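S.K.: I would like the atomic coordinates for the input below:
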Amino acid sequence: MKTGKNKGCILRLLVLVPHRDTRLPLRSWSADLFAAGLPGAWSFPWIAPLAALKRSLSDEELKTLARELRQEIHAAGSSRAAGQFRTGESLAAALPAGFCPKGLSVYGPSLNIPRLCLPPGALECLITPPLLGAALLQDGASLREPAPKGLPAPPPLSFRAAALANMSMRALQPNNGYSFQWRIGELHWLPKSGD
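M.R.: Just a heads-up that it's a prediction; the model follows:
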C-alpha cells in the first residue's frame with residue numbers, strides 16, 4: 001500500500017487469525033458489547049493484533065513464525081492443553097501512538113500468546129497485552145482493568161487452528177477516526193502440533 005502524505009494513517013500489523021469456528025462466539029460477544037453500550041467503540045476484525053510492523057512480512061517469514069509459534073504454544077501448555085490458545089479476562093491494548101487518530105486501543109479477551117522473535121528491521125512495537133479483538137476504542141486506557149460493570153464477560157475460548165497474516169489498517173477520516181478500513185493478507189496456518 002502506498003502511504004503518500006498520510007503515512008502515519010496506515011498501520012501495518014502482524015495478526016493471529018483464529019479459525020472461523022472460534023470467531024463466531026467472539027462476533028456474538030462483540031455484538032453484545034455494542035448492545036450494552038461499550039463507550040466509544042467501533043468494529044474491529046475478530047483477530048489478535050500481535051505487533052505493529054515497519055514493513056509487511058514475507059510469506060517465508062510468516063511461515064517460519066507460524067512454525068515457531070506452534071512450537072512455543074505447544075511447549076507452554078500442560079499435557080491436556082498442549083498446543084491450545086486460551087482466552088481470559090477482557091482487556092484493552094493500545095495501538096502505536098504514531099497511528100492517527102491517536103489514542104486507539106483494541107478491546108477483547110486476553111490471549112495466552114508467547115512473545116515472538118520477529119525478523120530484523122520488521123518490528124515497530126509489540127501490541128500488549130495480547131488479546132482477541134472485539135472492538136476498537138478511542139482512549140481505551142480506562143479499560144485496562146477488568147470490564148466495567150454492565151458489560152458482558154467474554155466467552156471462554158480455546159482453539160488450536162489459527163493462522164498468521166499481515167494486516168493493514170487505516171482511518172478513512174484521520175481527524176475523527178469514526179471509519180476504518182482494513183485488509184488482511186494471505187493466511188499462513190500454524191502447523192498441527194508435532195508437524
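S.K.: now this protein, which segments are flagged as low pLDDT?
M.R.: Counting by pLDDT under 70, the chain has low-confidence residues at 1-8, 40, 77-82, 98, 100-101, 139-149, 174-178, 193-195.
S.K.: How far away from the center of its chain is the longest helix anywhere in it?
M.R.: The helix spanning the most residues in the chain, taking DSSP state H as the definition, is helix 59-76. Centroid displacement of helix 59-76 relative to its chain, using Cα atoms, centre = their mean, to the nearest Å, is 16 Å.
S.K.: Outside of it itself, list whatever touches it.
M.R.: Contact partners of helix 59-76, identified using Cβ atoms under 8 Å, 6 or more residues apart in numbering, comprise 14, 16, 57, 82-85, 112-114, 116-119, 122, 163-166, 186, 188-195. Yep, even glycine has a C-beta here, placed from its N, CA and C like the rest.
S.K.: May I have that helix as PDB, with CA atoms only?
M.R.: Provided in PDB are the C-alpha atoms of helix 59-76 (Å, rounded to 0.1, in the frame of the first residue of the first chain):
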ATOM      1  CA  ASP A  59       5.500 -15.400   3.000                       C
ATOM      2  CA  GLU A  60       8.600 -17.200   4.100                       C
ATOM      3  CA  GLU A  61       8.900 -15.000   7.300                       C
ATOM      4  CA  LEU A  62       5.200 -15.700   8.100                       C
ATOM      5  CA  LYS A  63       5.700 -19.500   7.600                       C
ATOM      6  CA  THR A  64       8.700 -19.500   9.900                       C
ATOM      7  CA  LEU A  65       6.900 -17.500  12.600                       C
ATOM      8  CA  ALA A  66       3.900 -19.900  12.300                       C
ATOM      9  CA  ARG A  67       6.100 -22.900  13.000                       C
ATOM     10  CA  GLU A  68       7.800 -21.100  15.900                       C
ATOM     11  CA  LEU A  69       4.600 -20.000  17.400                       C
ATOM     12  CA  ARG A  70       3.100 -23.500  17.200                       C
ATOM     13  CA  GLN A  71       6.200 -24.900  19.000                       C
ATOM     14  CA  GLU A  72       6.100 -22.200  21.700                       C
ATOM     15  CA  ILE A  73       2.400 -22.600  22.400                       C
ATOM     16  CA  HIS A  74       2.800 -26.400  22.400                       C
ATOM     17  CA  ALA A  75       5.700 -26.200  24.900                       C
ATOM     18  CA  ALA A  76       3.800 -23.700  27.200                       C
END
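S.K.: Brilliant, that's me finished.
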